[in-house]
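Peer 1: requesting a structural model of the entry that follows:
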Amino acid sequence: MQKIEIKAEQFFELLKLKDTSMWEIFSQMIDGNEKEIIFLDHEEKILFNYILPSNPEKLEEDRKEFSKQFSEKLANFN
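Peer 2: Below you'll find the model as predicted:
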């Protein structure tokens, strides 16, 4: 499995500047093979990782699950 390391802070800043979602970027990376995307902090420490699926249908399932979990976590903060 191919591993892709991304500096998280720069990645999310770029998304803001381009007004693009990470899911749109991920969809452009799909090529039929799973990839491990590793998000790093400024000290090169792993913050989290994500296994990019090999097809758009699974990516959409992941996006929906992420949105659900994110909404639940936000609700717990309020």
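Peer 1: what are the boundaries of the strands in this protein?
Peer 2: 2-7, 35-40, 46-52 (DSSP state E).
Peer 1: point out where the protein drops to low pLDDT.
Peer 2: Counting by pLDDT under 70, the chain contains low-confidence residues at 78.
Peer 1: residues touching the residue nearest the centre of the chain, list them.
Peer 2: Centroid-nearest residue in the chain: residue 22, 5.6 Å away (criterion: C-alpha atoms, centre = their mean). By C-beta atoms under 8 Å, 6 or more residues apart in numbering, the contact set of residue 22 is 11-12, 15. In this view, the C-beta of every residue, glycine as well, is placed from N, C-alpha and C.
Peer 1: quick one: the lengthiest helix in the chain to strand 46-52, angle?
Peer 2: Criterion DSSP state H: the longest helix present in the chain is helix 56-77. With axes from the mean of the first three to the mean of the last three C-alpha atoms, to 10 degrees defining the directions, helix 56-77 sits at 140 degrees from strand 46-52.
Peer 1: got the CA positions of helix 56-77 in PDB?
Peer 2: Extracted as PDB, the C-alpha positions of helix 56-77 are listed here (Å, rounded to 0.1, in the frame of the first residue of the first chain):
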ATOM      1  CA  PRO A  56     -15.500   6.500  -5.000                       C
ATOM      2  CA  GLU A  57     -18.400   4.700  -3.400                       C
ATOM      3  CA  LYS A  58     -16.400   3.700  -0.300                       C
ATOM      4  CA  LEU A  59     -15.000   7.300  -0.100                       C
ATOM      5  CA  GLU A  60     -18.600   8.600   0.000                       C
ATOM      6  CA  GLU A  61     -19.500   6.100   2.800                       C
ATOM      7  CA  ASP A  62     -16.400   7.300   4.700                       C
ATOM      8  CA  ARG A  63     -17.400  11.000   4.200                       C
ATOM      9  CA  LYS A  64     -20.900  10.400   5.500                       C
ATOM     10  CA  GLU A  65     -19.600   8.500   8.500                       C
ATOM     11  CA  PHE A  66     -17.000  11.200   9.200                       C
ATOM     12  CA  SER A  67     -19.700  13.900   9.000                       C
ATOM     13  CA  LYS A  68     -21.900  12.000  11.400                       C
ATOM     14  CA  GLN A  69     -19.100  11.400  14.000                       C
ATOM     15  CA  PHE A  70     -17.900  15.000  13.700                       C
ATOM     16  CA  SER A  71     -21.500  16.300  14.300                       C
ATOM     17  CA  GLU A  72     -21.800  14.100  17.300                       C
ATOM     18  CA  LYS A  73     -18.600  15.400  18.800                       C
ATOM     19  CA  LEU A  74     -19.600  19.000  18.200                       C
ATOM     20  CA  ALA A  75     -22.900  18.300  19.900                       C
ATOM     21  CA  ASN A  76     -21.000  17.000  22.900                       C
ATOM     22  CA  PHE A  77     -19.000  20.200  23.200                       C
END
